[in-house]
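Visitor: Take this sequence and fold it.
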Amino acid sequence: MSDPEKQVLQKLDTYKSAVLAKNAETFMQLYDAEVRVFDTWGTWSYEGAAAWRIAVEGWFSSLGDETVRVTFEDVKITAEPSFAAMTAFARYAAFSAQGEELRAMQNRITWVLKTRGHVLRIVHEHTSAPIGFEDTKAMFKREGKS
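Guide: Sure thing, here's the model as predicted:
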């Protein structure tokens, strides 16, 4: 495994721990100042880290005493010294303060990362869920997966 691939895996771990801790500062360190985010929820795109930070802080504050545990499956990374791309299936599970799983959803996530100032950062993030043909509703669970 190359060093850039290891860096991407470390960023996935940072993403998971920052979400669990609801730590927007650590979370935002993953992103380039000029990031473009195509999120699954509500807004067509977020242009720049300042806009994305507002969405992230809103998400974390909306959780109250709940926490969210993120897991990634089927991670695929293509990496060069100054550029990387990652795709995966992400599961977001909300837990009560007592540790009970309340709800969960899965989506698809893609990152494009570029080295700026000797640090690999996300310059583009795209999350999505497929839409069912029959009902035109988002599918938040992979077939055969929990």
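Visitor: Can you tell me what sits against the lengthiest helix in the chain?
Guide: Secondary structure of the chain per DSSP state H: the longest helix is helix 3-21. Outside helix 3-21, the residues within contact range by CB atoms under 8 Å, 6 or more residues apart in numbering are 23-24, 26-27, 29-30, 60, 67-72, 75, 77, 79-81, 83-84, 86, 88, 92, 111, 113, 120, 122. C-beta here means a position set from N, CA and C on the backbone, and glycine is covered the same way.
Visitor: cool, stretch 114-126 as well?
Guide: Contacts of stretch 114-126 (CB under 8 Å, 6+ apart): 4, 7-8, 11, 30-32, 34-39, 81-84, 109-113.
Visitor: hang on, the earlier thing: just how off-centre is the longest helix of the chain within its chain?
Guide: 10 Å (CA atoms, centre = their mean, to the nearest Å).
Visitor: same thing with stretch 59-71?
Guide: The answer for stretch 59-71 is 13 Å, by CA atoms, centre = their mean.
Visitor: circling back: mind listing what's buried in the longest helix of the chain?
Guide: Buried residues in helix 3-21, counted by 16 or more other CB atoms under 10 Å: 4-5, 7-9, 11-12, 15-16, 18-19.
Visitor: Closest to residue 104 out of those?
Guide: Taking CB to CB as the measure, residue 104 lies nearest residue 19 of these, at 13.3 Å.
Visitor: Extract the residue ranges of the protein that are flagged as low pLDDT.
Guide: Low-confidence segments of the chain, defined by pLDDT under 70: 1, 144-146.
Visitor: Thank you, goodbye.
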